[in-house]
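# with the input below, show me the fold.
(2 chains)
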Amino acid sequence: NAGVTQTPKFRILKIGQSMTLQCTQDMNHNYMYWYRQDPGMGLKLIYYSVGAGITDKGEVPNGYNVSRSTTEDFPLRLELAAPSQTSVYFCASSALGEQFFGPGTRLTVL
Amino acid sequence: DQQVKQNSPSLSVQEGRISILNCDYTNSMFDYFLWYKKYPAEGPTFLISISSIKDKNEDGRFTVFLNKSAKHLSLHIVPSQPGDSAVYFCAASNTGNQFYFGTGTSLTVIP
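Below you'll find the predicted structure:
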């Protein structure tokens, strides 16, 4: 039981490039989330999903897209990367209540 | 607009003493509160939670207190241990779907 896994762990992007952050959970949780954490700040919700085929915006969705075709996977897409998207990204899942987090992806946009 | 606030960025406590971490919130509709612990280079891990119908929840060395009238919650760790040194985040929810996190308090337990 791996829990929540995220790939890659680190990535450097150039301005204007795009990439997909992968997130997979093996706990059969309906709820999945993407957060970003900037230095000295808390976690900000980017997008979340309450089940396969259903996604919704969080606090800071601009510049990101998500899809949820299966219960297990919840990829986060960055189109036209900008320096403001430099952050640590965490994926999480939950049944209801406490969330289980992945180890994070550290993204730098130069 | 920060709906959940942790006004102390850091806290140092001697081993064996009590650690008290505080959290304030502004949205009176929040009905579920959680504390997470985070080590460097790892994702947050769940510590303890409390529903708005309670004012206290205890789990071993960890106790969370909720004061709804003051929109304040606190996490007590007794006795504090060096392994408790980490960043602690409080979080709140009003729908069960979206969670709002504070900015974190870095706890250092001095041996």
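# quick check: beta-bridge partners of the closest residue to chain B within chain A?
Residue of chain A nearest chain B, by CB to the nearest CB: A:F101 (3.2 Å). C-beta here means a position set from N, CA and C on the backbone, and glycine is covered the same way. With DSSP bridges as the criterion, A:F101 is bridged to A:A92.
# B:H72 now?
B:D24, B:N67.
# so which helix or strand takes in the most centrally placed residue in chain A?
The centroid of chain A falls nearest to A:W34 when counting by CA atoms, centre = their mean (3.3 Å). Under the criterion of DSSP states H and E, A:W34 resides in strand A:31-37.
# gap between the closest residue to B:L21 other than its chain neighbours and chain A?
Closest residue to B:L21 apart from its sequence neighbours, by CB to CB, 6 or more residues apart in numbering or on different chains: B:L75 at 4.5 Å. In this structure, B:L75 and chain A are 15 Å apart, going by CB to the nearest CB, to the nearest Å.
# contacting residues for B:L75?
By CB atoms under 8 Å, 6 or more residues apart in numbering or on different chains, the contact set of B:L75 is B:S19, B:I20, B:L21, B:C23, B:W35, B:L47, B:I48, B:F62, B:T63, B:V64, B:Y88, B:C90.
# what's the local residue count around the fifth one?
Summarising burial for B:W35: neighbours were counted as other CB atoms under 10 Å in any protein chain shown, giving 24.
# for B:S28, see how far away the residue nearest to it when sequence neighbours are not counted is.
Nearest non-adjacent residue to B:W35, counting by CB to CB, 6+ apart: B:L47, 4.4 Å away. Per CB to CB, to the nearest Å, B:L47 is found 24 Å from B:S28.
# for the two, indicate the residue with more neighbours.
B:L47 (20 against 11).
# need phi/psi at that one.
The phi and psi values for B:L47, taken as degrees, to the nearest 10, are phi -110, psi -60.
# who's in contact with it?
B:L34, B:W35, B:Y36, B:K37, B:F62, B:L75, B:Y88.
# what are the pairing partners of the one helix or strand in chain B whose mean pLDDT sits lowest, and which direction each?
Sorting the helices and strands of chain B by mean pLDDT, DSSP states H and E puts strand B:99-101 at the bottom, at a mean of 91. Taking DSSP bridges as the criterion, strand B:99-101 forms sheet pairs with strand B:86-93 (antiparallel).
# next, the angle from the partner strand to strand A:31-37.
130 degrees (axes from the mean of the first three to the mean of the last three CA atoms, to 10 degrees).
# distance between strand B:86-93 and the chain's centre?
Distance, stretch centre to chain centre, for strand B:86-93: 5 Å (CA atoms, centre = their mean, to the nearest Å).
# repeat that for stretch A:31-48.
8 Å.
# repeat that for stretch A:30-49.
7 Å.
# for that stretch, measure first residue to last.
Distance across stretch A:30-49, first residue to last, is 8 Å (CA to CA, to the nearest Å).
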